[in-house]
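> Generate coordinates for the sequence data below:
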Amino acid sequence: MKTGYRLATLSLCFLLLTLAACAPNNYVRLQYTSELSPAHIQPNAPSVTVVEFADERSKKDIGVRNDQTPFIPVSSVSAWMSDALREELSRKGLNTHYVKSADEVTPGEHVVTGTVKKVWLKQNTMTAYSVSIEAAIAVDGGLPVTYRSEQERQDVPTDGVTEEHLSETLRTMLNGAVEDILSKIYNTAN
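Have a look, this model is predicted:
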């Protein structure tokens, strides 16, 4: 009798652990992966400091699952977006730095500032996702330009799929911003 009870208890524990592992994870690791190869930075390349963006979003979660539970970032959205921009500029050959506040900027460097307007990931169905990212970015105190990217994708809900969708949408948004920033920097650097 005791062996049967132990076996039943052990089986129940195993079943609960298995079900817990299959439960959706509402916490999202904000990661960024560039598609560009690292550039060789020339000694005379312009220096650019990216200041951590302000976060203007009213909600601090970054989306909602199809069961209406929130996607919650485990790190700063503004730091994620700012550092991704710094990485893309660096991969274009600029000498880049990332700082938390404008007080840390070295005089004589180009300065990129911004404001996170929107980061929203919605799981519409078990396999359908829509992502929207928007930010206003300014160079050297100029007027900010708003950049946005929206994507809809069908994917099997696997580990990391939410992070992949966010990273890809951010990369698409940053493509336009990086080209504009480069043209502004090289026009003023001559």
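> how many other residues sit next to Val121?
Not quite, residue 121 is Leu, not Val. Leu121 has 23 neighbouring residues, counting by other Cβ atoms under 10 Å. To be clear about C-beta, it is placed using only N, CA and C from the backbone, and glycine gets the same treatment.
> ok, what's across the strand from it?
Per DSSP bridges, the residues bridged to Leu121 are Gly63, Val131.
> Renumber starting at 50 from here on
Done: numbering now begins at 50, and the last item shifts to Leu170.
> Check what pLDDT it gets.
For Leu170, the model assigns a pLDDT of 96.
> Same check on Asn74?
Note on Asn74: pLDDT of 79.
> Surely Gln80 is in contact with His214?
No. With contacts defined as Cβ atoms under 8 Å, Gln80 does not count as touching His214, sitting 11.4 Å away.
> what about those two, which has more around it?
His214 (21 against 13).
> check contacts around Ile230.
For Ile230, the contact set (Cβ atoms under 8 Å, 6 or more residues apart in numbering) comprises 97, 138, 161, 186, 188.
> Give the burial count for the last one, as a bare number.
Val188 sits with 22 neighbouring residues when counted by other Cβ under 10 Å.
> likewise the second one?
The criterion is other Cβ under 10 Å. On that basis, Leu138 has 24 neighbouring residues.
> Once you drop chain neighbours, what's closest to it?
Thr145 (5.0 Å; Cβ to Cβ, 6 or more residues apart in numbering).
> Enumerate the beta-bridge partners assigned to the one you found.
Val97.
> the longest helix in this protein is where?
If you go by DSSP state H, the chain has its longest helix at helix 210-238.
> Would you tell me what the next helix or strand after the worst-scoring helix or strand of the chain on mean pLDDT is?
The helix or strand of the chain with the lowest confidence, counting by mean pLDDT, DSSP states H and E, is helix 51-71 at a mean of 51. Once the chain leaves helix 51-71, the next helix or strand it forms, by DSSP states H and E, is strand 76-77.
> Let's verify Leu192: helix, strand, or coil?
Taken by DSSP: H, G, I helix; E, B strand; the rest coil, the conformation at Leu192 corresponds to coil.
> Cool, thanks, signing off.
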